[in-house]
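J.: Here is a sequence together with a model predicted from it:
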Amino acid sequence: MGHPFVPDEERLRRFQDWGLVRYYHLRPPYPPETFVILNELMVDEPRVVLDLGCGIGNIARPLAALATVERVDAVDVSLAMLERARELPGGTAPTIHWIHGRAEDVTLRPPYALVTAGMCLHWMDWGQVLPRLARVLTPRGLLAILNVRQSLPWQQEYQQIRRRFASQPSRPERPLVAEMEQHGLFRLLGERQTAPLLMQQTIEDHIAAQYAYSSLAGLDSEQRADFEREMRELLTPFARDGVLSFEVVATITWGRPCDSAG
């Protein structure tokens, strides 16, 4: 049976808008331990990685910097994301191949010892993508799904502000891996969480980072002024000399995609 999720084309379109992409580097990074874990998950040769929904290369660029990685094929449907990725540190590494296209049908160069994907899997057709990944992985190759979370002391109040300004309601958190397993498209093998990374960010950068999320990317100038005023009022008591401190943790979940749905 097919999975019930239908990709939101409007949200996908927004990830191709430079107005969102220009702020994307301000989103929380993956802690360095993330890439130690991913390196350990590669046990087959060739040590080639496929990074799906690569965005500005927050996974692809650090992986390509590892001496143990032969090549990273980084795929995204957004040309603006790929252009920005090339501009950032490590973006011109000869071991990275930036590929414009959809995970469902882009031309690939398998086999891959590891496939990585952030929460972009929410936007993909699992019935096409996961069986395809099963076919392009090496015999012991794995799909690693990454999620990064911020521990924000002001989270509850921020959600109230976000709900007032968001152009679209936030989707409820879906149990991504459990649903893929339920539909016979994924076999879970393991999960690890990194140690917390202390992140420091100015109030202005933290506010700007919110425009890198699709639900807030479409605010007009008047809405932005009101949003930023409320955010400054919220964040100022938490800052020291204009700088916020909070923790970031990444979760890496891995397993084998299945060639057909159950």
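T.: Alright, I've got the coordinates.
J.: contacts and neighbour counts: CA atoms only from here.
T.: Fine.
J.: Okay, now the unreliable bits of the protein?
T.: Judged against pLDDT under 70, the low-scoring parts of the chain cover residues 1-16, 18, 168-174, 261-262.
J.: Residue 66 and residue 95: what is the separation?
T.: Shown here: residue 66 relative to residue 95, a distance of 10 Å by Cα to Cα, to the nearest Å.
J.: And these two? Which one has more around it.
T.: Regarding residue 66 and residue 95, a neighbour count based on other Cα atoms under 10 Å identifies residue 95 as having more, with 20 against 14.
J.: For that one, which non-adjacent residue is closest in space?
T.: Using Cα to Cα, 6 or more residues apart in numbering and skipping residues adjacent in sequence, the residue nearest residue 95 is residue 71, 4.7 Å away.
J.: Please apply the same query to residue 209.
T.: Among residues not flanking residue 209 along the chain, residue 26 sits closest, at 5.0 Å (Cα to Cα, 6+ apart).
J.: what residues are up against the residue positioned nearest the centre of the chain?
T.: Against the mean C-alpha coordinate of the chain, by Cα atoms, centre = their mean, the closest residue is residue 118 at 3.5 Å. If you count contacts by Cα atoms under 8 Å, 6 or more residues apart in numbering, residue 118 has them with 52, 53, 54, 145, 146, 147.
J.: how many other residues sit next to the second one?
T.: Spelled out, it's residue 53. Going by other Cα under 10 Å, the residues that sit close to residue 53 add up to 26.
J.: Hmm, it is touching residue 123, no?
T.: No. Under the criterion of Cα atoms under 8 Å, residue 53 is not in contact with residue 123, lying 9.2 Å apart.
J.: can you give me the helices in the stretch 51-200 of the chain?
T.: 60-64, 79-87, 126-136, 155-165, 176-182 (DSSP state H, counting those that start in this stretch).
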